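Engineer: Fold the following, please.
(chains A, B, C and D, ligands or ions: 2)
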Amino acid sequence: MQIEQLYREVVLSHNKAQKNRRHLANASVSEHGVNPSCGDDITLELEITSDHRIRDISFVGSGCAISQASASILADLVRGKSVLEAKELFDLFFQMIEGDEADPRLLEASVFSAMAHMPARIRCAVLGWRTLEKALAPYWNEERQEPR
Amino acid sequence: MQIEQLYREVVLSHNKAQKNRRHLANASVSEHGVNPSCGDDITLELEITSDHRIRDISFVGSGCAISQASASILADLVRGKSVLEAKELFDLFFQMIEGDEADPRLLEASVFSAMAHMPARIRCAVLGWRTLEKALAPYWNEERQEPR
Amino acid sequence: MYNNPYRGDFPIFDDTGLIYFDSAATSQKPQSVIDAMRKYYEHANANPHRGLYSLSAEATRLYERGREAFASFINAGDPRQIVFLRNATEALNLLAISYGASVLAPDDEVVIPISEHHSNLVPWQQVCKRTGARLVYLYTNEKGGIEDKEMEKITARTKIVSFAQVGNVFGLALPAEKIITKAHAVGAVAIVDCAQSISHMPVDVKALDCDFAVFSSHKMFGPTGIGMLYGKKEMLEKLAPLLTGGDMIEYVSEQETTFAEIPQRFEAGTQDVAGVVGLTSAIAYIRALGYPAIEKWEGELTSYCLEKLSVLPWVVVYGEAEATGRRFPLITFGVEGIHPHDVATLLDTEGVAVRAGHHCAQPLMRHLGVQATCRVSLSVYNSKEEIDTLVDALVRVRRIFGYAD
Amino acid sequence: MYNNPYRGDFPIFDDTGLIYFDSAATSQKPQSVIDAMRKYYEHANANPHRGLYSLSAEATRLYERGREAFASFINAGDPRQIVFLRNATEALNLLAISYGASVLAPDDEVVIPISEHHSNLVPWQQVCKRTGARLVYLYTNEKGGIEDKEMEKITARTKIVSFAQVGNVFGLALPAEKIITKAHAVGAVAIVDCAQSISHMPVDVKALDCDFAVFSSHKMFGPTGIGMLYGKKEMLEKLAPLLTGGDMIEYVSEQETTFAEIPQRFEAGTQDVAGVVGLTSAIAYIRALGYPAIEKWEGELTSYCLEKLSVLPWVVVYGEAEATGRRFPLITFGVEGIHPHDVATLLDTEGVAVRAGHHCAQPLMRHLGVQATCRVSLSVYNSKEEIDTLVDALVRVRRIFGYAD
Ligand SMILES: Cc1ncc(COP(=O)(O)O)c(C=O)c1O
Ligand SMILES: Cc1ncc(COP(=O)(O)O)c(C=O)c1O
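Structural biologist: Ligands and ions are numbered 1, 2, ... in the order given. A predicted model of the protein is given here:
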């Protein structure tokens, strides 16, 4: 009953995390992501400081509980982190999705390790993260060229 | 070994019936028939009298032994017959091809009763007859309207 | 476990508790169909139409016997009026690309209901774009029916009317005879998509008087990979082949080709004989069951399912039978507060397979104002007990989502 | 009876003395392939790509695993470079209609050898007619090879060069690398028809550097109904879909559609999952045998057959190995004084299945100055004893026709 457990946690975080479902006043990046085949739709808004830190992040969108909860949990996870730290979390999340054990740094997001049992829904769980990837790609590239 | 028997007879009649492979000096009808899928090619030439009798018939063409022998045997069979008698033979031939026992009037052509065992070659055996059908169709129609 | 006389015919249920409610996507296959294909490969496999040896003649006979079986099944008259393709989608594309492109001109119109499957929509949309014709939609009312007023969109400008006899979202029959009569009255060609209907009701193309009809073997207990196109003879004669190559030709010279007669003209390259053998066996299976028995069994299941769902106040069913007179065993619904994809995933954890999504009908979803829905589609192998399990599972899904119903 | 380690894998030979010499038309299927399809229908049948439930996920997994298996089999790099269609013919039509029609203009040229199968000829001829381009032939010499002088027909006007890696009449390999290099040198796209080659030799599309390649499952121990198209990624990205409808779309609105990514974009409607499962198993069979073993067994048979035939002064074999370096197990021949159809029919009475006719290569037959020929094509399940039977039967055929050799 891993999937049912996933849903119970997803529903919990979904309900409590409505605080992440809003627009940012000072967004420096806004990125749109969709899953055409199921209609999931996410827009991430990020406020990124000049020293490449995610000061705040929020999302709006519609879709299934998994896509929405995953985006909300993602927002909690990367808020306050540097873009490079976000990249690490991104990598950890995908390693988990592909079957690795969840890294403790993934915190609440580790509930999505159950996705291994529901291949048809992986795209829902990763939509937020793929959108984050697009949003941060310019920063990641820049950081890689000029490591601090 | 019905098929081998067929071939032995076909080869015999084929050889002896080269007399039918020629052009007619006084042809009143010439009809061309082909089997596109195998390339068999027959032209029948007929000399038809004013009282609708087949005074002479010959063929030219190329193709497999069955198509050529069948045309040659056909020529022997209908030569001297009225177009209505040819129609009867035509019907008898097709009844045989479709599985009926060969009528004695089919004479040598009854060897093609073996076609029941070789569906892929039926079109070879009937090519001459189909061509005859096209050649005589105007006469058959006319006869049917004004029976003698 | 199940009180069902047909379930034992389908090996997929043998060692599982699988509850399969997605027969509208593809039906399960009886053992007889599976065995027919296996036996073909084990005893008769050869390339048809080409070989002069017995094995090839046998493959040809089996292939053409399938054509005869299907022709007589839909009362087509002449087997030559049946073309084998890959699926209903390919058949509709052949019509849109080959027939559509040859008759459509700017300002001409193609008319289809908004409830069509993408396969009977996108090909028309694309050919309209190419030719400058207009694609006109008949909109469904809240019950899923098409009102007479809508039918007035079929006019002298209409060249083609194409519609599903039974839709894959509402599970309702459209008034086929009425639409076809109307189409013919304005000089348009009428195409019927029978992909969903034929597994539940007999199709008689002569009685329908449609110009073309399309089918999919895999939705009627047959294998995947085989679709069927029926056409009136004079219509097929006019239709240019879409694909050319081996087996569909008469003469080929370096710069010119003449094509074979119908239906070979439309069947380029080596065909899926095993698939046709499977289809032949599927037809035999349906004939053995008989449509009256199918309709009785499926009708009872459908009523039972609708009744059970109607008790759940948080379930909304789309379409109403009285819109068109008959509800086929296909029920599309939503669960309040829960995304259909989540419903389907959670039902799956209980072994219940339902479909969720846009059902290849995005324009209809938009017309209904939803992004997705759930769909239960039933067949002879389903049982009332399974519907009970579905309903219990739905209640559980609501609880997981924190609803205290 | 037969000293053959592979024959037992093929159930069609179980209870018959069948001597099957028409593998180039379609190969026989090992039990493992037949069983894989049966098991799919018995345990995993569902509509892939659509369902959110486990059975559908499993069907999707099996379908995509087939794509991966074939991609790695031909060294395609990325499974997305493999499109599943019905047969090689459909793949060539997709290229001719979709790619050909989009790049060809009057005075452009498409170049193909005269020895091509109708499936790699008629589609090009038809698209040339439609676009005003010219179809130019590379003529073979008496040995069946293409001389360097002919290759000069590939010029700056050439937009497409398409050819069979191994032809289905001569059984000889054309110099694929040379032709592809030449095509690329003039800026043309190179297409390789591997329908005949892949059952006898490994195909490495990266090493070939071809832009597209096509295949047919049923000629490589797999089921009928599945063809494969390989394309370089940037080429596939440019290719417009030919068929539209379900499963190949991204967004559909009433008047606009955007298409899915490659390769889904080319796979409209419900696909033949069982067929792909069978193909996957056929690939495993070939891998288990190993090409070296196949080449050794078939090579010995081919030499033996050529040697035996060379003793019969009234047999003429078309094509010579030294024209191109290697003779594949496919020998086309004529029997003096006897029409090939009669030869095939009489051989059939002795249980020997050979092909006779134009082999879907009418222009080549005309080039050779014959109407038809006989063809023996061999596979791993054939044996030297069978070739002895063939030779004896040929002698008998001559006797029946009254020759006293
Ligand atoms: C060289 C070649 N190309 C293409 C084809 C066509 O294959 P299919 O009939 O499977 O489409 C064949 C076989 O018929 C062939 O031998
Ligand atoms: C009404 C309708 N038409 C057409 C199709 C397309 O069928 P296929 O995918 O077999 O081509 C379907 C099913 O997917 C359908 O439900």
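
Engineer: Name the helix or strand of chain A that has the lowest mean pLDDT.
Structural biologist: In chain A, no helix or strand scores lower on mean pLDDT, DSSP states H and E than helix A:2-16, which sits at a mean of 82.

Engineer: Output the residue of chain A whose distance to ligand 1 is smallest.
Structural biologist: Going by C-beta to the nearest ligand atom, ligand 1 is nearest to A:Ser37 of chain A, at 30.5 Å. Where you see a C-beta, it was placed from the backbone N, CA and C, and this is true even at glycine.

Engineer: and that residue, what is it in contact with?
Structural biologist: Counting by C-beta atoms under 8 Å, 6 or more residues apart in numbering or on different chains, A:Ser37 touches A:Arg123, C:Gly357, D:His49, D:Glu250, D:Ala260.

Engineer: any idea how chain C splits into domains?
Structural biologist: What the record gives for chain C is the domain set C:7-21+C:290-399, C:33-286, from automatic domain parsing.

Engineer: Rebuild these as CSV, extending it with mean pLDDT, distance to ligand 1 and mean neighbour count.
Structural biologist: As requested, those are exported to CSV (pLDDT from 0 to 100; distance: least, C-beta to the nearest ligand atom, whole Å; neighbours: other C-beta atoms under 10 Å in any protein chain shown):
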stretch, mean pLDDT, distance to ligand 1, mean neighbour count
domain C:7-21+C:290-399, 94, 28, 20
domain C:33-286, 96, 3, 22
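
Engineer: Quick one: the ones you listed as TSV, columns for distance to chain D too.
Structural biologist: Listed next are the domains of chain C as TSV, based on distance: least, C-beta to the nearest C-beta, whole Å:
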stretch	distance to chain D
domain C:7-21+C:290-399	4
domain C:33-286	3
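
Engineer: before we move on, back to that, helices - which of the contacts of A:Ser37 land there?
Structural biologist: In helices, judged by DSSP state H, the following of the contacts of A:Ser37 are found: A:Arg123.

Engineer: which residue packs closest to the residue nearest the centre of chain C, ignoring adjacent ones?
Structural biologist: The residue lying closest to the centre of chain C (C-alpha atoms, centre = their mean) is C:Ala195, at 1.4 Å. Nearest residue to C:Ala195, sequence neighbours excluded (C-beta to C-beta, 6 or more residues apart in numbering or on different chains): C:Ala88, at 4.3 Å.

Engineer: Please verify my assumption that C:Ser383 contacts C:Gly8.
Structural biologist: No: between C:Ser383 and C:Gly8 there is no contact under C-beta atoms under 8 Å: 11.9 Å.

Engineer: shared neighbours, the two?
Structural biologist: By C-beta under 8 Å, 6+ apart, no residue touches both C:Ser383 and C:Gly8.

Engineer: ok, whichever residue of chain A sits closest to chain C to chain D distance?
Structural biologist: Closest residue of chain A to chain C, C-beta to the nearest C-beta: A:Cys64 (3.9 Å). For A:Cys64, the distance to chain D equals 10 Å [C-beta to the nearest C-beta, to the nearest Å].

Engineer: need the contact list for the residue in the stretch 201-350 of chain C positioned nearest to ligand 2.
Structural biologist: Proximity to ligand 2, evaluated over the stretch 201-350 of chain C using C-beta to the nearest ligand atom, is greatest for C:Ser216 at 3.4 Å. Going by C-beta under 8 Å, 6+ apart, C:Ser216 touches C:Asn87, C:Ala88, C:Thr89, C:Ala195, C:Ile226, C:Gly227, C:Met228, D:Gly269, D:Thr270.

Engineer: measure the first one to C:Gly227 for me?
Structural biologist: Read it as C:Asn87. 4 Å (C-beta to C-beta, to the nearest Å).

Engineer: so what sits against both of these two?
Structural biologist: Joint contacts of C:Asn87 and C:Gly227 (C-beta under 8 Å, 6+ apart) are C:Ser216, D:Gly269.

Engineer: roughly how far apart are A:Ala120 and C:Ser197?
Structural biologist: According to C-beta to C-beta, A:Ala120 and C:Ser197 sit 28 Å apart.

Engineer: In contact with C:Ala36, which residues?
Structural biologist: C:Ala36 is in contact with C:Val277, C:Gly278, C:Thr280, C:Ser281, counting by C-beta under 8 Å, 6+ apart.

Engineer: Spatially, which residue comes closest to it, not counting chain neighbours?
Structural biologist: Leaving out its chain neighbours, the residue that sits closest to C:Ala36 by C-beta to C-beta, 6+ apart is C:Ser281, at 3.7 Å.

Engineer: residues touching the one you found, list them.
Structural biologist: Per C-beta under 8 Å, 6+ apart, neighbours of C:Ser281: C:Pro30, C:Ser32, C:Val33, C:Asp35, C:Ala36, C:Met37, C:Gly222.

Engineer: can you tell me if stretch C:165-179 touches chain A.
Structural biologist: No: residues of stretch C:165-179 contacting chain A under C-beta under 8 Å from any C-beta of the partner chain: none, with a closest distance of 15.2 Å.

Engineer: How many neighbouring residues does C:Pro5 have?
Structural biologist: For C:Pro5, the count of nearby residues is 12 (other C-beta atoms under 10 Å in any protein chain shown).

Engineer: on that earlier part again, what helices or strands is the least confident helix or strand of chain A leaning on?
Structural biologist: In terms of contacts (3 or more C-beta pairs under 8 Å, 6 or more residues apart in numbering or on different chains; DSSP states H and E), helix A:2-16 is packed against helix A:65-78, helix C:340-349, helix C:384-400.

Engineer: Give the buried residues for the helix or strand just after it.
Structural biologist: For helix A:2-16, the following helix or strand on the C-terminal side (DSSP states H and E) is strand A:29-35. Neighbour-count burial for strand A:29-35 flags A:Val29, A:Glu31, A:Gly33, A:Val34, A:Asn35 (criterion: 16 or more other C-beta atoms under 10 Å in any protein chain shown).

Engineer: Not counting residues beside it along the chain, what's closest to the second one?
Structural biologist: Using C-beta to C-beta, 6+ apart and skipping the chain neighbours, the partner closest in space to A:Glu31 is A:Ala135 (3.8 Å).

Engineer: Pull the contacting residues for the one you found.
Structural biologist: A:Val29, A:Ser30, A:Glu31, A:Leu44, A:Leu46.

Engineer: And for stretch C:51-64, what's in contact with it?
Structural biologist: Contact with stretch C:51-64 is made by B:118-121, C:40, C:44-50, C:79, C:271, C:273, C:276-277, C:280, D:18, D:20, D:22, D:25, D:341, D:344-345, D:347-348, D:352-357, as judged by C-beta under 8 Å, 6+ apart.
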